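Enquirer: here is the input, now give the coordinates:
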Amino acid sequence: MLEKLFRLKENNTTVKTEIAAGITTFMTMAYILAVNPSILSDAGMDSTAVLLATCLASFIGTACMSVMANLPFALSAGMGLNAYMAYTVCGTLGYSWHVALFAVFVEGIIFILLSLTNVREAIFNAIPMCLKKAVSVGIGLFIAFIGLRNAGLTVGNASTLVSLIDFRDNFSTTGISALLALIGVLLTAVLYIKRIKGAILIGILGTWVMGIICQLCGIYVPDPAAGAYTLLPSFEMTDFSKLGETVGQCFSIDFGDVGIFNFIVVIFSFLFVDLFDTIGTLIGVSTKADMLDKDGKLPRIKPALMADAIATSAGAVLGTSTTTTFVESSAGVAAGGRTGLTSMTTAVLFLVSMLFAPIFTSIPSFATAPALIIVGFLMFSTITEIKFTEKNYTDAVPAYLCIIAMPLFYSISEGIALGVISYVVINLVCGKSKNINPIMYVLSVLFILKYALL
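Expert: Below you'll find the model as predicted:
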C-alpha cells in the first residue's frame with residue numbers, strides 16, 4: 001500500500017529511509033511547539049490552546065502535503081508571520097487576536113484561489129527579486145530583536161532607546177535569565193554549525209535545563225511579580241478543553257472597530273510574506289533534493305501550494321497564525337526523504353506531540369529566545385544575495401530601507417510598504433521605469449493611500 005501511495009521505488013527510496021527522514025525533519029522544527037505559544041501568548045492567547053492548535057494545523061498541512069503532492073515537506077506556524085500577528089497586528093495596530101486570526105483565515109482562502117489559478121505567478125513575478133530577499137532579511141532582524149527582548153538582554157533606555165541589560169541588577173531573576181539566554185544562543189550556534197540534528201530544539205531544552213539547575217541551586221529565584229516563574233516542568237495531563245478557547249474564534253469578531261483599509265493591508269501583508277516564503281522554501285528545498293525539472297520548475301508545485309493554503313485557513317480556525325512550509329524540511333531531504341511518506345511521518349509526530357502540551361508550555365521565554373535569534377540569523381543570511389554595488393543602487397536602496405524598517409519600526413508590514421514605495425519612486429525618478437512591473441504601481445499607490453488616509 002505504501003508503495004502504491006508514495007511511489008517509493010520510482011523515487012529510489014525505502015520505507016526505512018523515509019521514516020528516518022520524517023523523524024529528522026520533526027526534530028529540526030519541533031522548536032516551533034515551544035516558540036509559537038510563547039509568541040502568540042503575548043497577543044493574549046492561551047498558550048496551551050495555541051500549542052494544541054499548532055500541532056493540529058501542522059498535522060493537517062503536512063498530511064495534505066504528503067497525500068496531495070507526495071513531497072517530503074513539512075508545515076507549521078511560520079516564524080515571522082507569528083511575530084507579525086502578535087507584535088504588529090495585535091500590538092502596534094491594537095487589533096484583537098480574533099481579528100488577526102480572521103485575517104489569516106481570509107488570507108488562506110485567497111491563497112487557495114490563487115493556487116487554483118496563475119495569479120500567484122503574476123504577483124510573484126511583479127515583485128523584484130531584491131525586495132523578495134530583503135523581506136527575508138528584514139524579518140530575520142525583526143525576529144532576532146524579539147528574541148533579544150524575550151531573553152531580557154535588551155532593556156529600555158531614555159537616551160539610546162535600547163541598551164544591554166545590567167546583569168548585576170536583580171541577578172537572581174532577570175539577570176540570570178538573560179545570562180542563560182546568552183549561553184543558550186552560543187550553545188545553539190555551536191550545535192547548528194556542527195550540523196547536529198535538532199540543534200535548535202536541543203538549544204531550547206538545554207537552556208531550560210540549565211535554568212532548572214540554577215533554580216534547584218538557588219541561583220534563580222522565582223518571582224511572579226517580576227515575571228520570573230518557576231522553571232520546573234508540569235507533568236500533568238494535557239487539558240484538551242483549552243482548545244475550545246481558540247477554535248472558531250476567528251469568526252467571533254466585531255468589524256465596528258476594524259478599519260477596512262487597515263484590515264486589507266494586514267491581509268495583504270500576511271499573503272505577501274506567506275506567498276514568497278512558501279514558494280522560496282519549496283524551490284530551495286526542491287533544488288537540494290534535485291526535484292526540479294529541466295526548466296527549473298517543481299512539477300507538483302500547484303498541489304504543494306494548495307496544501308499550504310488549506311493548512312493556513314485550517315490553522316486560523318483552530319487558533320494559530322499562518323501555517324507555512326518550513327525550510328527545515330531540507331534536513332529530512334538531506335537524510336534521504338524523497339516522498340510524502342517522509343512528511344506523513346512528521347505529521348503523525350506533530351499529532352502525538354499534543355500529549356506533551358504541558359511540558360512545551362512550561363518552557364520559559366528566555367529558553368526559546370536563542371531559537372528566535374538563531375532563526376533570525378538563518379533568515380538574515382539571505383542578505384548576501386542582494387547586490388549592493390553602485391550600478392545596482394536602484395535595487396539596493398529600496399532593499400535596505402525595507403530591511404531596516406522592520407526591526408526599527410517594529411513592523412513587517414511597514415518594511416514591505418516602504419520597500420515597495422521606494423522601489424517605484426527611485427526607479428521612476430532615475431529613469432529606470434522599465435524595471436517596474438505595472439502591478440508594483442498599484443501596490444505603491446495603495447500603500448501611499450494607507451499613509452495619507454489612516
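
Enquirer: what about the stretch 251-400 of the chain, any weak spots by pLDDT?
Expert: Applying pLDDT under 70 to the stretch 251-400 of the chain picks out residues 254-259, 273, 276-277, 279-290, 292-298, 334.

Enquirer: show me where it has its helices.
Expert: Residue ranges of the helices in the stretch 251-400 of the chain, as given by DSSP state H, counting those that start in this stretch, are 260-288, 301-318, 329-334, 340-352, 357-361, 365-380, 393-408.

Enquirer: now the ones you listed as CSV including distance to residue 250 and mean neighbour count?
Expert: Backbone N, C-alpha and C define where each C-beta goes, glycine included. Below are the helices of the stretch 251-400 of the chain laid out as CSV (distance: least, C-beta to C-beta, whole Å; neighbours: other C-beta atoms under 10 Å):
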stretch, distance to residue 250, mean neighbour count
helix 260-288, 13, 20
helix 301-318, 5, 25
helix 329-334, 27, 25
helix 340-352, 21, 25
helix 357-361, 21, 23
helix 365-380, 25, 25
helix 393-408, 25, 22
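
Enquirer: of all those, which lies closest to residue 142?
Expert: Nearest of these to residue 142, taken as C-beta to C-beta: helix 393-408 at 4.5 Å.

Enquirer: I would like the residues contacting the closest one, please.
Expert: Identification of contacts with helix 393-408 by C-beta atoms under 8 Å, 6 or more residues apart in numbering yields 128, 130-131, 133-135, 137-139, 141-142, 144-145, 383, 386-389, 411-412, 414-416, 418-420, 422-423, 426-427, 430, 432, 435.

Enquirer: looking at the helices of the stretch 251-400 of the chain, which is nearest to residue 153?
Expert: Closest among these, using C-beta to C-beta: helix 365-380, at 7.9 Å.

Enquirer: and that closest one, how far from the chain's centre?
Expert: Centroid displacement of helix 365-380 relative to its chain, using C-alpha atoms, centre = their mean, to the nearest Å, is 11 Å.

Enquirer: in terms of secondary structure, what does it contact?
Expert: Applying 3 or more C-beta pairs under 8 Å, 6 or more residues apart in numbering; DSSP states H and E, one finds that helix 365-380 makes contact with helix 32-40, helix 129-151, helix 176-193, helix 199-216.

Enquirer: wait, doesn't residue 341 sit right on residue 4?
Expert: No - using C-beta atoms under 8 Å, residue 341 is not in contact with residue 4, being 11.7 Å away.

Enquirer: re earlier: mind giving me the ChimeraX select for the contacts of helix 393-408, buried ones only?
Expert: ChimeraX command restricting these to the buried ones, with burial defined by 16 or more other C-beta atoms under 10 Å:
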select :128,130,131,133,134,135,137,138,139,141,142,144,145,383,386,411,412,414,415,416,418,419,420,422,423,426,427,435
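
Enquirer: one step back: need the helices and strands packed on helix 365-380 in TSV with mean pLDDT, can you?
Expert: TSV is the format used below for the helices and strands packed on helix 365-380 (pLDDT from 0 to 100):
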stretch	mean pLDDT
helix 32-40	89
helix 129-151	84
helix 176-193	94
helix 199-216	91
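
Enquirer: make TSV from those helices and add distance to residue 316 to it.
Expert: As requested, those are arranged in TSV below (distance: least, C-beta to C-beta, whole Å):
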stretch	distance to residue 316
helix 32-40	12
helix 129-151	20
helix 176-193	30
helix 199-216	25
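
Enquirer: can you check which of these gets nearest to residue 351?
Expert: Nearest of the helices and strands packed on helix 365-380 (C-beta to C-beta): helix 32-40, 11.8 Å.

Enquirer: next structured bit after that closest one?
Expert: Using DSSP states H and E, the next helix or strand after helix 32-40 towards the C-terminus is helix 47-64.

Enquirer: what packs against that following helix?
Expert: helix 32-40, strand 75-77, helix 301-318, strand 323-325, helix 340-352, helix 357-361.

Enquirer: now with 10 Å, please.
Expert: Applying 3 or more C-beta pairs under 10 Å, 6 or more residues apart in numbering; DSSP states H and E, we find helix 47-64 packed against helix 15-29, helix 32-40, strand 75-77, helix 301-318, strand 323-325, helix 340-352, helix 357-361.

Enquirer: what lines up beside the third one in the sheet?
Expert: Strand partners for strand 75-77, identified by DSSP bridges, are recorded as strand 323-325 (antiparallel).

Enquirer: how far does the strand it pairs with sit from the chain's center?
Expert: Chain-centre distance of strand 323-325: 8 Å, with C-alpha atoms, centre = their mean.

Enquirer: now the helices of the stretch 251-400 of the chain in JSON lines, with distance to residue 52?
Expert: What follows is these, written out as JSON lines (distance: least, C-beta to C-beta, whole Å):
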{"stretch": "helix 260-288", "distance to residue 52": "22"}
{"stretch": "helix 301-318", "distance to residue 52": "8"}
{"stretch": "helix 329-334", "distance to residue 52": "23"}
{"stretch": "helix 340-352", "distance to residue 52": "11"}
{"stretch": "helix 357-361", "distance to residue 52": "6"}
{"stretch": "helix 365-380", "distance to residue 52": "17"}
{"stretch": "helix 393-408", "distance to residue 52": "30"}
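
Enquirer: out of the ones you listed, nearest to residue 205?
Expert: Of all those, helix 365-380 comes closest under C-beta to C-beta, at 7.8 Å.

Enquirer: got phi/psi on residue 156?
Expert: Dihedral angles of residue 156 (phi, psi; degrees, to the nearest 10) stand at phi -70, psi 150.

Enquirer: residues in contact with it?
Expert: 149, 162-163 (C-beta atoms under 10 Å, 6 or more residues apart in numbering).

Enquirer: at the geometric centre of the protein, which residue sits there?
Expert: Most central in the chain under C-alpha atoms, centre = their mean is residue 79, positioned 1.4 Å from the mean C-alpha point.

Enquirer: in a helix, that residue, correct?
Expert: No - under DSSP: H, G, I helix; E, B strand; the rest coil, residue 79 falls outside any helix and is assigned coil.

Enquirer: contacting residues for it?
Expert: By C-beta under 10 Å, 6+ apart, the neighbours of residue 79 are 29, 31-32, 35-36, 39, 139-140, 143, 146, 277, 321, 324, 326-327, 371-372, 375-376, 378-379.

Enquirer: now it: how far from residue 200?
Expert: Using C-beta to C-beta, to the nearest Å, we find residue 79 at a distance of 10 Å from residue 200.

Enquirer: now do residue 427
Expert: Counting by C-beta to C-beta - residue 427 and residue 200 are separated by 39 Å.

Enquirer: so residue 354 touches residue 56, yeah?
Expert: Yes - with contact defined as C-beta atoms under 10 Å, residue 354 counts as touching residue 56 (7.4 Å).

Enquirer: of these two, who's got more company?
Expert: residue 56 (22 against 19; other C-beta atoms under 10 Å).

Enquirer: name the nearest residue to that one, sequence neighbours excluded.
Expert: Setting aside the residues directly before and after it, residue 56 is nearest to residue 318 in space (C-beta to C-beta, 6 or more residues apart in numbering), at 5.2 Å.

Enquirer: so what's that neighbour up against?
Expert: Per C-beta under 10 Å, 6+ apart, neighbours of residue 318: 49-50, 52-57, 60, 101, 243, 246-250.
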